[in-house]
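Engineer: Could you look at this predicted model? Sequence included:
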There are 2 protein chains.
Amino acid sequence: MRIAVLGLGAVGRGLLQMLAAKPELGFVLTAVADSTSARIDPDGLDPVAILDEKCGTGRCAPSGLSAADVIASGAYDVLVELTPTNAMTGEPALTHIRSALESGRHVVTSNKGPIATDYSGLAALADDARVALRFEATVGGAIPVLHAIRDGLAGNSYSSITGVLNGTCNYILTRMDDEGLTYEQALTEARELGYAEADPTYDVRGIDAAIKLVILANTCWGLGVTLDDVAITGIDGLTVDALRLAATQDCTIRLIGEAVPAENLLRVAPRVLPRNHPLVIKGTLNAIMLSTDMAGEVTLMGKGAGSVETASALIGDLIAIRDRYDGSG
Amino acid sequence: MRIAVLGLGAVGRGLLQMLAAKPELGFVLTAVADSTSARIDPDGLDPVAILDEKCGTGRCAPSGLSAADVIASGAYDVLVELTPTNAMTGEPALTHIRSALESGRHVVTSNKGPIATDYSGLAALADDARVALRFEATVGGAIPVLHAIRDGLAGNSYSSITGVLNGTCNYILTRMDDEGLTYEQALTEARELGYAEADPTYDVRGIDAAIKLVILANTCWGLGVTLDDVAITGIDGLTVDALRLAATQDCTIRLIGEAVPAENLLRVAPRVLPRNHPLVIKGTLNAIMLSTDMAGEVTLMGKGAGSVETASALIGDLIAIRDRYDGSG
């Protein structure tokens, strides 16, 4: 199966490293692009050479080719879309993904924006072209939750999804609770450890968690909801006093995303939970609890971020496509 | 896709109830058998009528047909093997499964015995016939852990599997820890609530957990190990004092199955764990932690038993077979 990779940030490089480390997977890299260059070779590119060139020169090729040229080349069965993308508009990934689906190519992506903004449109394009659109890496990092919903728990109907969907917030809340740090202290620590961005707005205001909740809800129920449908409260207003009060009742506070279609509920907010609740996890972990009619409550937890962890999710999707479509594209 | 169900105990009846409740799944029940009778109709049987007859008469049919007749009839694409089976010898399920695979039929089972005693032989038979042998329901009840290993985390290599694999033991340990009950008191309570069998040997001595560990190890690494390869210590010798001692260090005790191929370790034993360890779960739940090279540690938890929960796992397998083989058998 020939794959084209758009985007050579941490996630793209992580994927290339894993493709180099696991030749037994049998994927052939036929094209790559970063923001200023691209390389196409239908006979296959060496991931290690690409990584070397990227690290040495900051570009994957000297040529004037671009991501658009890669898409147009058609020299691939699956487009792996990993460009730096605006999570609110979904661009430029949205345009890339649409083009690839329209030309009958499978798409795998870790970009939340396109899936959160136009899930219905993209799913319809994929259906029309009888190709796959998979995005396990957009939610819960390495946790194979979308696989569980689609395959492992297939046949179940879901009454709710509840989860810790943002590792930055979970780290901050864990530290406030464990050490009595203020929000600002815990945020500073998270920044120093690389768990929070310089501008943490997107995480601490609950927007990142809400986007993931939208993706889960659309996958699970085909609702076609968007970010505007989510009631969002972040953790940036949370005080140590609130955590202390929860602690007096053997509880703590976590930022929880909740989707309950029967109640029209789509919400991200800090919630008080008993300490032994399955979603009270520590540090940067993520956890997702699926409430089903047959299997009862099933909870999955694991690392919510990281380049190799994201590569795991991307590779799981690539293998699923190969298994289902027999590698013929 | 035509399915034949062998065995109408709690699990078999649970499956028929779910097939009746979810006609949208599109499975056609063409044969059923219990220990004294059987019914075959290539045009399809009504699961509700079968359940009524079973409840009313104790048999699924008045006729002299048997499970062997069902297998020989060939009037099915997938054999669902749910007969009461000796977990140590795997019979009669082992013979049923071999016959079905040899005649080119897919097999789905919740019977641990055949998979634990002859995984390699059955896998080879399935490979030769190019059919599927799936057994999600043998481990962790409703938790789709074998799906996660095969599909969701595909591409990862596993360094270890660790888990709480027996709900009866976990219930007893939870009650001893929470309420200071003795082992005998907690066991009596578990029996009264239906969480432990009249003869609990198989659970409390760790044999059931060890069989599940064997199935996980064989699925994950293709080791071909059997129960004899597992070092087993049960919970029947555990004292309240041991739990009290653990509690003084903010720890507790759980019966943990562990497989670490690099250390030649295959063990079921009570282990002292910190209270906030992901495997310290309450009551009859099961949890399984997979340590992987890319995804890090991924933990899945959920209900470890129950007829509808087991039906969920069986139906997940049936759907996986339909998706992969396109229902053509």
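Structural biologist: Happy to help now that I have it. Numbers count the residues shown, from 1 in each chain, chains lettered A, B, ... in the order given.
Engineer: Please give me every residue in contact with the residue nearest to A:Leu16 when sequence neighbours are not counted.
Structural biologist: Using CB to CB, 6 or more residues apart in numbering or on different chains and skipping residues adjacent in sequence, the residue nearest A:Leu16 is A:Pro47, 4.1 Å away. Placement of C-beta: from N, CA and C, glycine included. Residues near A:Pro47 by CB atoms under 8 Å, 6 or more residues apart in numbering or on different chains: A:Leu16, A:Gln17, A:Leu19, A:Ala20, A:Leu29.
Engineer: swap the cut-off to 7 Å and go again
Structural biologist: By CB atoms under 7 Å, 6 or more residues apart in numbering or on different chains, A:Pro47 lies in contact with A:Leu16, A:Leu19, A:Ala20, A:Leu29.
Engineer: One more: A:Ala246?
Structural biologist: A:Thr252, A:Ile253, A:Val272.
Engineer: Show only the entries of those residues found in helices.
Structural biologist: Among the contacts of A:Ala246, no member falls in helices (DSSP state H).
Engineer: so which of those residues comes closest to chain B?
Structural biologist: Among the contacts of A:Ala246, A:Thr252 lies closest to chain B (CB to the nearest CB), at 11.2 Å.
Engineer: A:Val107 should be in a strand, yeah?
Structural biologist: Yes: counting by DSSP: H, G, I helix; E, B strand; the rest coil, A:Val107 is found in a strand.
Engineer: so what's A:Glu189 closest to, chain neighbours aside?
Structural biologist: Leaving aside its sequence neighbours, A:Glu189 sits nearest to A:Arg175 (CB to CB, 6+ apart; 6.2 Å).
Engineer: same thing with A:Val139?
Structural biologist: Using CB to CB, 6+ apart, the closest residue to A:Val139 is A:Lys212 (4.7 Å).
Engineer: that older thread, filter the contacts of A:Pro47 to the buried ones?
Structural biologist: Among the contacts of A:Pro47, those classed as buried by 16 or more other CB atoms under 10 Å in any protein chain shown are A:Leu16, A:Leu19, A:Leu29.
Engineer: List the contacts of the last one.
Structural biologist: In this case it means A:Leu29. With CB under 7 Å, 6+ apart, A:Leu29 has these contacts: A:Ile3, A:Val5, A:Leu19, A:Gly44, A:Leu45, A:Pro47.
Engineer: quick one, phi psi at it?
Structural biologist: A:Leu29 has phi and psi values of phi -80, psi 110 when expressed as degrees, to the nearest 10.
Engineer: That one and chain B, how far apart?
Structural biologist: Remark: distance between A:Leu29 and chain B (CB to the nearest CB, to the nearest Å) = 15 Å.
Engineer: how many neighbours does the residue lying closest to that residue once chain neighbours are set aside have?
Structural biologist: Closest residue in space to A:Leu29, ignoring its immediate chain neighbours: A:Leu45 at 4.8 Å, by CB to CB, 6+ apart. Neighbour count for A:Leu45, taken as other CB atoms under 10 Å in any protein chain shown: 22.
Engineer: A:Leu45: what secondary structure?
Structural biologist: Strictly by three-state DSSP, A:Leu45 counts as coil.
Engineer: Kindly report the residues of chain A close to chain B.
Structural biologist: Residues of chain A lying close to chain B by CB under 7 Å from any CB of the partner chain are A:18, A:22, A:25, A:142-144, A:147-148, A:151-156, A:276, A:278, A:282, A:294-303, A:308-309, A:311-312, A:315-316, A:319-320.
Engineer: Which members of those residues come out as buried by neighbour count?
Structural biologist: A:18, A:22, A:25, A:142-144, A:147-148, A:151-156, A:278, A:294-303, A:308-309, A:311-312, A:315-316, A:319-320.
Engineer: any idea how far the most centrally placed residue in chain A lies from A:Thr117?
Structural biologist: The structure's chain A has its C-alpha centroid closest to A:Thr138; by CA atoms, centre = their mean the separation is 1.6 Å. Distance of A:Thr138 to A:Thr117, given as CB to CB, to the nearest Å: 12 Å.
Engineer: Just the CA trace of stretch A:312-329, in CSV.
Structural biologist: Output of stretch A:312-329 as CSV, limited to C-alpha atoms (Å, rounded to 0.1, in the frame of the first residue of the first chain):
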residue,chain,number,x,y,z
SER,A,312,0.5,4.3,16.7
ALA,A,313,-3.0,5.6,16.0
LEU,A,314,-2.2,6.5,12.4
ILE,A,315,-0.6,3.1,11.8
GLY,A,316,-3.7,1.3,13.3
ASP,A,317,-5.8,3.2,10.8
LEU,A,318,-3.5,2.4,7.9
ILE,A,319,-3.6,-1.3,8.8
ALA,A,320,-7.4,-1.3,9.1
ILE,A,321,-7.6,0.2,5.6
ARG,A,322,-5.2,-2.4,4.2
ASP,A,323,-7.1,-5.2,5.8
ARG,A,324,-10.4,-4.0,4.6
TYR,A,325,-9.5,-3.0,1.1
ASP,A,326,-6.8,-5.6,0.6
GLY,A,327,-4.1,-3.0,-0.3
SER,A,328,-5.5,-2.5,-3.8
GLY,A,329,-6.4,1.1,-3.0
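Engineer: quick revisit: so of the residues of chain A next to chain B, which ones are in strands?
Structural biologist: A:Glu297, A:Val298, A:Thr299, A:Leu300, A:Met301, A:Gly302, A:Lys303 (DSSP state E).
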